[in-house]
Every structure is written in structure tokens, then in C-alpha cells.
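Engineer: Sequence plus the predicted model coming up.
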Amino acid sequence: MANFPAPADSESIVKASGSNLAFAFSVLPKEKRADMRVFYAFCRVVDDVVDDGNLEVDEQRRRLQAWRDFVTGETLEARPGLEAELRDLQLRYALPEKTMLEIIDGMEMDLQVPVRYETFDELKKYCHRAASAVGLVSIEIFGYEREMTREYAELLGYALQLTNILRDVAEDAQVGRIYLPREDMQRFAYTEQDLLAGKYDARFFALADFLASRAEDFYAEAEAMLPEVDREAMKCSELMRVIYKKLLAKMKADQFRVFDQRYRLSKWELMKIVGQGMVGRIH
């Protein structure tokens, strides 16, 4: 890692991100909150490697490989800041190395140009790496008792990533990333050219509604899968489920006008959700 600038500490990285995921950490106990900041900062830094338009693809791949070497222990040195924090986190929780490598693999999938997926099964593989793998590592930090909770994390990851894909579909297309499976686009006779032109019509609405229905199914399956005994430990994940499910509902109620705006929940809406979670089960 010595050939790359050392990342800042996790707190600085998370503060700069402004992510809903970071907001969800507020429901965690202080120690878990700090640990999740470290893990999230790792995910953020790796993602930023892929999104850095100032780097050549070969350099992006080299930096991702450097993070793989760090995760597996091939690189022994851990510089002050995120690297030292991450190494400590790995040791204390025995974080699953294979799953952490899948996260890096998911980021690297976005380096293929152009990004296209023929089928939903292909997209699910990406969603697993980009989101479900993040959830599977997170639950190791949260702590859980039942194996079903792993299935919950997998399903919730699909739901969250599909919501992200739908929200960001216009801006992703402009940088060559089309996550909508070709088989789904063909089903509604909506073409890549239509998407790149920002064409909003009944075909796009039907396509977006179809993708939203898939996400809704995953949200419902995840909620049903979570064992009661692990519900308290998963309150951060549950908060994310509610936030993104409401975000999806907001897009749907507005007929998916994703070419005109980037949907988000207001700070007031987020605080209201957290407040509801403090007095009872989040739903």
C-alpha cells in the first residue's frame, strides 16, 4: 500500500460521504457505531477508486488489488488512519475475508466499459457483491444468533441495490453504466438509446415499476426472514430497510421521474423514522 496515498481516518471519510448508511449508524451503541464507521469507510474508499475519473483503468485495478492484498494480509504494513483501523477491525471480529474480497470484486465490475447485464440473474451477482456482501460483513459486527439472519442480509442487499439502481439510473447511464437487464428492457420495448436520451414515457414507467416490484418483493422477504431474537441487533439494517423502502415508495408515487430529479428523504423524514424506531419496532 506504500505506493498509494494513505487514506484518512474513518471518521473523516464517513463525515465527507453524507450517506444514509452513515446516518443509520446513529441507532447503534457507541462502540459498534465506531466499528461500523471503519467498515463503511473501507467500502467508501474502495468505491472511490472506481469512481475517480482522474485515474486510468489500469491504475484503478492496481489500487483495488492493493486493497485485496491488504485484506488478505499479503500487505503487512498498516499505516495510521483507515488501514490501521481496518486491520484492528478484521482481527477483533474475524471478518470473513472471502466476503470482503467480494466487495472489492463488485466495485471492479464497474470498471468494465460499458457496464451491461443481459439477465436479472447476472445483475443479482453484481447486487450480491455490491450490497449483500456489505450486509454479510456488517452483521458480523452487529452480532447475531440465527443462520437465517445471513439470508436476511442477502435479501436486504438485493432490495437496497435495486432501489439504488432505480434512483441513479439516469446519471449512471451517462457514464456508461446501465444496470437495467437487457431482457427487462426488451420486455417493455425500451432501448438503451431511449435511456441515454432520457426518454420518459409509458414504456419507461412500466420498466421502472417492474424493477420496483422486484425490490419490494426482496424487502418483504427480508423482513419475513429476520428472526425475532436478532431483531434488536439488526436495528441498523432495519433502519436502512425502512429508509430505502420509503425512498422507493416516494419514487413510485411520483411515477419514477428519475430523469428530472434525484430522489432522497429529507433530514426531517429521516429523523422521524429514527424516532419511530426508538419507541418500538421499525416498520
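Structural biologist: Arrived safely.
Engineer: What is the burial count for K250?
Structural biologist: By other Cβ atoms under 10 Å, the residues close to K250 number 14. Any C-beta I mention is one placed from the backbone N, CA and C, and that applies to glycine too.
Engineer: And the pLDDT at M1?
Structural biologist: pLDDT recorded at M1 is 62.
Engineer: whoops, I mixed them up, Q112
Structural biologist: pLDDT recorded at Q112 is 88.
Engineer: hang on, it in a strand?
Structural biologist: No - counting by DSSP: H, G, I helix; E, B strand; the rest coil, one finds Q112 to be coil, located in no strand.
Engineer: Any idea how many residues pack against it?
Structural biologist: Counted with other Cβ under 10 Å, Q112 comes out at 11.
Engineer: same question, E59
Structural biologist: A total of 13 residues lie near E59 under the criterion other Cβ under 10 Å.
Engineer: do the one 5 residues further on as well
Structural biologist: Using other Cβ under 10 Å as the criterion, L64 is surrounded by 18 other residues.
Engineer: which ones are touching it?
Structural biologist: Residues near L64 by Cβ atoms under 8 Å, 6 or more residues apart in numbering: V46, V49, V50, I104, M107, E108.
Engineer: Which single one of these is nearest to R150?
Structural biologist: R150 lies nearest to I104 out of the contacts of L64, by Cβ to Cβ, at 20.1 Å.
Engineer: The closest one contacts V46, doesn't it?
Structural biologist: Yes - using Cβ atoms under 8 Å, I104 is in contact with V46, at 5.7 Å.
Engineer: Spit out the residues that contact these two alike.
Structural biologist: Common contacts of I104 and V46 (Cβ under 8 Å, 6+ apart): L64, W67.
Engineer: Show me where the stretch 151-283 of the chain dips below the pLDDT cut-off.
Structural biologist: Regions of the stretch 151-283 of the chain meeting the criterion pLDDT under 70 cover residues 276-283.
Engineer: Show me where it has its strands.
Structural biologist: Applying DSSP state E, counting those that start in this stretch to the stretch 151-283 of the chain gives no strands.
Engineer: thinking again about what came up before, quick one: buried ones out of the contacts of L64?
Structural biologist: When those are checked for burial by 16 or more other Cβ atoms under 10 Å, the buried set is V46, V49, V50, I104, M107, E108.
Engineer: would you turn those residues into JSON lines with secondary structure?
Structural biologist: Listed next are the buried ones among the contacts of L64 as JSON lines, based on three-state DSSP:
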{"residue": "V46", "secondary structure": "helix"}
{"residue": "V49", "secondary structure": "helix"}
{"residue": "V50", "secondary structure": "helix"}
{"residue": "I104", "secondary structure": "helix"}
{"residue": "M107", "secondary structure": "helix"}
{"residue": "E108", "secondary structure": "helix"}
